[in-house]
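Participant: Here is the input, now give the coordinates:
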Amino acid sequence: MTLNELMKELGNVYWRLEEIIKKSEFELYDDLSALEIDWNDPEELFLVDELRAILKKINDVNKTVQYLNAQIKVSGRLHRNSYGRFEVNGYEFHCGDGIEALMVDPYDGESRWVASRIEHDMNDFYIVGYKDVKLEDLYVRVRN
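Facilitator: Model prediction:
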């Protein structure tokens, strides 16, 4: 199986799992209180706890699959603009914005994309988890 084939398979599963999440109303009621439950039955309470944990994981997986399938909106080298913010090809980053950066792995020396977000520490902007990485001229991208 190739990576593309795996992504396609995950995309197929995504829609079915999304349907289950919607039917359970998990995104609105993550305690599963929208379901018909006998709150006095220990077995049903056990199932609620277990299913809540499962649905949280499914929801997290679905959000990641959706993110990975999103198109690249913009990519290029970061530079500081005249307002003191970092931008790439006219896209200006603000605190909390998602970003993918091409980083060199310190263990194997290979370049790979890492997903994170931009923040500011009252001194300067940085990528969460990579505070020591210089942003100027860093190759980055943003998904829709």
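Participant: what residues does stretch 86-94 touch?
Facilitator: Outside stretch 86-94, the residues within contact range by C-beta atoms under 8 Å, 6 or more residues apart in numbering are 73-81, 83, 85, 99, 118, 125, 135-136, 140, 142. In short, each C-beta sits where N, CA and C put it, glycine included.
Participant: With stretch 6-23 instead?
Facilitator: Counting by C-beta under 8 Å, 6+ apart, stretch 6-23 makes contact with M1, E27, L55, I58, N59, V61, N62, V65, Q66, L68, N69, all of which sit outside it.
Participant: What of stretch 51-63?
Facilitator: Outside stretch 51-63, the residues that reach it (C-beta under 8 Å, 6+ apart) are Y14, L17, E18, I20, I21, S24, F26, E27, D30, D31, L32.
Participant: could I get the residues you listed as CSV with pLDDT?
Facilitator: Putting the contacts of stretch 51-63 into CSV (pLDDT from 0 to 100) gives the following:
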residue, pLDDT
Y14, 90
L17, 92
E18, 93
I20, 94
I21, 94
S24, 95
F26, 95
E27, 92
D30, 93
D31, 93
L32, 95
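Participant: Of those residues, just the buried ones, PyMOL syntax please.
Facilitator: Command for PyMOL that selects the buried part of the contacts of stretch 51-63, burial taken from 16 or more other C-beta atoms under 10 Å:
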select buried, resi 14+17+24+26+32
